[in-house]
Structure formats: structure tokens, C-alpha cells
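> Any chance you could fold what I've pasted below:
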Amino acid sequence: MQPDLAITGQSIAGRGRSAALFALGWAGLFAATLREWSAMAHQWWNIDTYSHILLILPILAWLVWIRRDEVARVEARGWWPGFLCCLLGLAICFVGRSADINLIAQLGVIVAFQGATCGILGLRVGLILAFPLAYMFFLVPFGDEIIPPLQYVTAEMATALTRFSGVETVADGIHIDTPAGLFIVAEECSGVKFLVAMVALGVLVAYSCFASWKRRMLFLLACVIVPIVANGIRAWATIFIAQYVGAEAAGSFDHIVYGWFFFGIVIALVLGVAWRWFEREPEEAGWNAQQVSALPMLQRLEGNGASPALVLGATLTAALVFAVMPRLG
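Got it, this is the predicted structure:
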């Protein structure tokens, strides 16, 4: 009986060759989509709402690192459906470029990189690295779309708490008028930065530390509700303190506390409460090579496989065509 290639592994030379092919594929795609990566990097570095994404990059590297032994046990096989996924991603990116919608273009880039990974290294590697590949979507800056409703929710909570605390209040939408002055729940005060970062952290913890889907869903629900409620309390506290120290002093205090301490305290609170229900270590999360090999329908989905070098050639060709298409237009 032939040993299953999923658990026999590769020689050191074979691993090096697979890594080189993979790196070339990603390098070619990166060069072709440099416009999108530059736009994303600009948002990560210059817009506070997305500054947490700078931490996603090392998190992704760590997620792959803890799966390295399982990846090493799998022989790289080219997988044409992965290449088709790469083509789909490039097509989505092209549509986003044409429509001048950065979110669509950037999502397409991530899909292209995910597809290229599975195309060059194979379906089994893609399954072992399923979560890191999916987590790449958090590299895309998003959240602007939910700012208006978050402003409204924050204003409603702050108004209710202000009235409950005995402060005379007249509210109109996101405008809250009090004896200390008029307060406006601006976009920066909507809590979107807090919420998006908390969701990204929640997905990571839910995958890494929980095995039960019920506990995962409850934890993710907490990662959505807690930051929204906490932001409403923060807005109320600012208004309440302003009644005694003035609006300007309260606003300065709010920015310092919210930026440096508040977010950290809420994260610590959520993780501290959930800690006792953690079910596993991060290294135990995800499929290993043996489990992937035992998945039903796997061999049928894999087909006969393809040469990783051939899939790499197709990927680089697609990247080149994508790069020159706008110039042809």
C-alpha cells in the first residue's frame, strides 16, 4: 500500500523548493497589486480607525508559524481550483479599480493571494492554513459604513445615562445639549475603531482558545456588545464630568483616557471573564495533516494534482496580464 503523501512529508530540498515557488507567486501578485497594498498601508499607518491592522501582520505570521510542522508533513501539489480562485480575486480587484471602490479592490487582492496559496501549495496545505488564510480578510480596512449608526447608538445611550444621572439634557440625534455646553457625537467618538479592533481580536481568540461553537458565538457576541456599551458609557462619563470641570477639560481627559487606557481595560475585562472557559491552547487549533488526510471527498476534490511550478507559471502570467490591463485600456 502506498503511504499517504499528506503524512509522509517532504525532504528539506522539497520544502525549500515549495517555499521558493510560493514566495515567487506572492511576489508576482504583490507587484501586480502594489496599488492596493499601498492604499491599505496608507490607511493602516495614517488613520487611527485602522491602526490595529498593523498588529494583524505579525499575528498572521505567528498563526502560520505554529502550523509549520503540520505544513511540513504535507507534500505540495498544485491545485487548479486554487488558481481559479486567484483569477476570481484579480477579477474582483479589477472591478473595484474600475468602479473606484477601494474596499472591493482590496478584498479582491486578498482573495487572489488566498487562491494562489492553495493553487501553488495545494488543497491540503490550504486546509491546514485555513484560518490564517481567512484571517487575512482583516487586513482590509473596513468600518466606515457603520459609523453613522454607531454615532446614533452612542448618542442614545449617552443621552439616557445623562438624564438618569440628573443632568438637564436636550438631545437631537447626535447633538446633546447640557448646561455645560453642546456635545456632538462625532465620527471619532462613534467607537468604530474600538469595535472593529475588538471583533478582530474576538475572532482570533474564538478560533484559538475555544472548541465549542456555542462558546465561540457567545464570546464573539460579547466582543460586539461590550465595546458598543462601553463607548456609550465613555461618552456619558465625558458629558457628566464636563458639568463640573468644563467641556474643554473633559474632552481632553476623554481623549487621553480613551486612547491609552480605556480600550486596554475593556479588553482585559472581556478576556479575564472568558479565561476560565478557554478549552485549548492556540497550537491545538485547526486541522493537522492526519485529520486533513482523513477528510471525506478530499482525494476527489484534489484530483490528480498538478505541478506547483506549472500553477506558479499560470499565476505569474495572470498577474502580468492584470498589471498591464489598465494600460491597455
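
> Just the strands from the chain, written as ranges.
Using DSSP state E, the strands found in the chain span residues 170-172, 175-178, 181-184.

> Kindly reformat the ones you listed as JSON lines containing mean pLDDT and distance to residue 156.
Placement of C-beta: from N, CA and C, glycine included. Shown next, in JSON lines, are those (pLDDT from 0 to 100; distance: least, C-beta to C-beta, whole Å):
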{"stretch": "strand 170-172", "mean pLDDT": "86", "distance to residue 156": "8"}
{"stretch": "strand 175-178", "mean pLDDT": "88", "distance to residue 156": "10"}
{"stretch": "strand 181-184", "mean pLDDT": "84", "distance to residue 156": "13"}
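
> From what I see, residue 226 and residue 199 are in contact.
No. Counting by C-beta atoms under 8 Å, residue 226 stays clear of residue 199, with 10.9 Å between them.

> out of those two, which sits in the more crowded spot?
Comparing residue 226 with residue 199 by other C-beta atoms under 10 Å, the one with more neighbours is residue 226, at 19 against 16.

> What distance do you get for the most centrally placed residue in the chain to residue 163?
By C-alpha atoms, centre = their mean, the chain has its centre lying nearest to residue 138, at 1.6 Å. Separation of residue 138 from residue 163 (C-beta to C-beta, to the nearest Å): 38 Å.

> same check, this time on residue 294
Taking C-beta to C-beta, one finds residue 294 at 60 Å from residue 163.

> of the two, who's got more company?
Each of residue 294 and residue 163 has its neighbours counted (other C-beta under 10 Å); residue 163 has more, 16 against 12.

> And for that one, nearest residue in space, chain neighbours not counted?
residue 169 (5.1 Å; C-beta to C-beta, 6 or more residues apart in numbering).

> And for that neighbour, the neighbour number?
19.

> what does residue 67 give?
22.

> got the contact list for it?
Contacts here follow C-beta atoms under 8 Å, 6 or more residues apart in numbering; on that basis residue 67 touches 128-129, 132, 286.

> rewinding a little: ok, which of the strands of the chain comes nearest residue 53?
Smallest distance to residue 53 across the strands of the chain (C-beta to C-beta): 27.5 Å, for strand 181-184.

> Can you tell me what sits against that closest one?
158, 174-177, 235, 238-239, 242, 247.

> next one: stretch 304-321
18, 21, 24-25, 28-29, 31-33, 76-80, 82-83, 86-87, 90, 116, 119-122.

> Would you indicate which residues of that stretch are buried?
305-306, 308, 311-312, 314-316, 318-319 (16 or more other C-beta atoms under 10 Å).

> any idea how far residue 52 is from residue 188?
Relative to residue 52, and taking C-beta to C-beta, residue 188 is found at 15 Å.

> Tell me which of the two has more neighbours.
Using other C-beta under 10 Å, the more surrounded residue of residue 188 and residue 52 is residue 52, with 18 against 14.

> got the contact list for the more buried one?
Contacts here follow C-beta under 8 Å, 6+ apart; on that basis residue 52 touches 193, 196-197, 200.

> Just to be sure, which of the residues you listed are found in helices?
If you go by DSSP state H, the contacts of residue 52 have 193, 196-197, 200 in helices.

> any low-confidence regions in the stretch 201-329 of the chain?
247-260, 326-329 (pLDDT under 70).

> same thing but at 50, please
Within the stretch 201-329 of the chain, the set of residues satisfying pLDDT under 50 comprises 328-329.

> sorry, back to before: what's the most distant pair in the contacts of residue 52?
The distance between the two most remote of those (C-beta to C-beta) is 11.2 Å, for 193 and 200.

> still on that earlier bit, just the buried residues of stretch 304-321 now: which is nearest residue 221?
residue 315 (39.0 Å).

> Tell me how far that closest one lies from residue 232.
Counting by C-beta to C-beta - residue 315 and residue 232 are separated by 48 Å.

> Please apply the same query to residue 38.
Residue 38 is 36 Å from residue 232, where distance means C-beta to C-beta.

> Of those two, which one has the most company?
Per other C-beta under 10 Å, whichever of residue 38 and residue 232 has more neighbours is residue 232, with 22 against 10.

> Who's the closest spatial neighbour of that one, skipping the chain neighbours?
Leaving aside its chain neighbours, residue 232 sits nearest to residue 157 (2.9 Å; criterion: C-beta to C-beta, 6+ apart).

> wait, isn't that neighbour in contact with residue 239?
No. Residue 157 is beyond contact range of residue 239, at 11.1 Å (criterion: C-beta under 8 Å).

> between those two, which one's more packed in?
Neighbours per residue (other C-beta under 10 Å) separate residue 157 from residue 239, with residue 239 holding more: 24 against 19.

> Pull the number of nearby residues for residue 290.
Around residue 290 there are 12 residues (other C-beta under 10 Å).

> what's the answer for residue 323, then?
Using other C-beta under 10 Å: residue 323 sits among 17 other residues.

> Now do the contacts for it.
Contact analysis of residue 323 by C-beta under 8 Å, 6+ apart lists 31-32.

> For it, give its distance to residue 168.
Distance, residue 323 to residue 168, using C-beta to C-beta: 62 Å.
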